[in-house]
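[1] Here you go, sequence then predicted model.
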Amino acid sequence: MIRRMLTHTAAATLVIAVAAFTFQALAGGDGIARTAWTLTAAVAGGDHGID
Amino acid sequence: MGSTDTRPPVARRTPGRLLFLFAFHAALSGAFIVAYLTGDEDTYAMHQFAGYTALAALAVRLLAGVLMPVGPLRLPRPAMAATRDWLRRAAMGDARAWGQRSPLLAWMALALLAVVGAAALSGAVADFVVPMEKLHEALGEVSLPVVLAHVALVAALLGLKKAAGWRARPTPRQEVIAP
Ligand code: HEM
Ligand code: HEM
């Protein structure tokens, strides 16, 4: 039970992250490279955005 | 529901229903992690995508709980008396309490559904009513400690269960020393 919850959580996080990323990159019109940069800045870059 | 009866009436744990629970947990926890990490203006489209995924998962879970009020998909119904009883026995070192399914899990599940649900719902409202953003950000921040407590509780209960197993077998494997 716990092991399955854990693996499902990890797998779903990856799938949803990729889907959300693709959504922002393509539908948002930012492109893959710029979105990757924005995401890195938002998650790991303290409080500074891309601009 | 009588609070002395800790067992669900007819807990039919069919594979299909368990699979639904795993799928729901996967969708909600995955979407929660992505939404929490992207709650920033610059990653707003990602946040929207993950947030609405979480909201959809919760809606489907709620519907399943209402349609199937018996079995593993029923919505969590915490019982105060059973919880007090379990806490007392667990604190006194009763190995049976350590090994059994803890009534704390129902409280935890309810807290998670409520707090994460409030975060996702307020987010959807803030999508249209901008002043709601402040409330949504607060609810988003509050939900993280609840989720962390959930993972900690699951790990702690697993530890208790293991400890109960060791205590039940004080001298393991003595008789399997074969020539
Ligand atoms: C990362 C590791 C995680 C593990 C190992 C884990 C494990 C579990 C387990 C074993 C249960 C079932 C408890 C029971 O027997 O009743 C459960 C339930 C639940 N978990 Fe998690 N979980 C994790 C992360 C999360 C996250 C990130 C969320 C985010 C919202 C979450 C939300 C829930 C909810 C709402 C339930 C109740 C399910 C229901 O009854 O509808 N979990 N979890
Ligand atoms: C489980 C679901 C969700 C969680 C855990 C969550 C979490 C968060 C957090 C923590 C913030 C604050 C970030 C910060 O302070 O910089 C935030 C901001 C925000 N979220 Fe969510 N959220 C969820 C769902 C949603 C949904 C469904 C929407 C609807 C589109 C939404 C829209 C927003 C908006 C508009 C902001 C303000 C962003 C800004 O700074 O401009 N959220 N969210």
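    That came in fine, so what should we check first? Ligands and ions are numbered 1, 2, ... in the order given.
[2] List the buried residues in the helix or strand of chain A with the lowest mean pLDDT.
    Ranked by mean pLDDT, DSSP states H and E, the weakest helix or strand in chain A is helix A:32-44, scoring a mean of 85. Across helix A:32-44, burial judged by 16 or more other Cβ atoms under 10 Å in any protein chain shown covers A:Thr35, A:Thr38, A:Leu39, A:Ala41, A:Ala42. In this view, the C-beta of every residue, glycine as well, is placed from N, C-alpha and C.
[3] TSV please, covering those and showing distance to ligand 1.
    Shown next, in TSV, are the buried residues of helix A:32-44 (distance: Cβ to the nearest ligand atom, whole Å):
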residue	distance to ligand 1
A:Thr35	24
A:Thr38	24
A:Leu39	19
A:Ala41	24
A:Ala42	19
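[4] Format the residues you listed as CSV; extra columns: distance to A:Ala20.
    Output for the buried residues of helix A:32-44, formatted as CSV (distance: Cβ to Cβ, whole Å):
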residue, distance to A:Ala20
A:Thr35, 10
A:Thr38, 12
A:Leu39, 9
A:Ala41, 16
A:Ala42, 12
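[5] Around chain A, pick out the residues from chain B.
    B:22-23, B:25-27, B:29-31, B:33-34, B:37-38, B:40-43, B:45-47, B:49-50, B:53, B:154, B:158 (Cβ under 8 Å from any Cβ of the partner chain).
[6] check these against ligand 1, which are close?
    B:His25, B:Ser29, B:Ile33, B:Val154 (Cβ under 6 Å from any ligand atom).
[7] which ones among those are found in helices?
    Members of those lying in helices (criterion: DSSP state H): B:His25, B:Ser29, B:Ile33, B:Val154.
[8] so the third one makes contact with A:Ala11?
    Just to be clear, that refers to B:Ile33. No - the pair B:Ile33 and A:Ala11 does not pass the contact test of Cβ atoms under 8 Å, sitting 11.7 Å apart.
[9] which regions of chain A lie under the pLDDT threshold?
    A:46-51 (pLDDT under 70).
[10] wait, doesn't B:Ala90 sit right on B:Leu160?
    Yes - with contact defined as Cβ under 8 Å, B:Ala90 counts as touching B:Leu160 (7.1 Å).
[11] distance of B:Ala95 from B:Leu55?
    Per Cβ to Cβ, to the nearest Å, B:Ala95 is found 42 Å from B:Leu55.
[12] Which one's more surrounded, those two?
    Set B:Ala95 next to B:Leu55 and count neighbours by other Cβ atoms under 10 Å in any protein chain shown: B:Leu55 wins out with 20 against 17.
[13] would you list every one of the helices in the chain?
    In the absence of a named chain, chain A is used. A:2-22, A:32-44.
[14] The intended chain is chain B.
    Under DSSP H, chain B gives helices at B:15-37, B:44-67, B:80-91, B:95-99, B:104-126, B:133-168.
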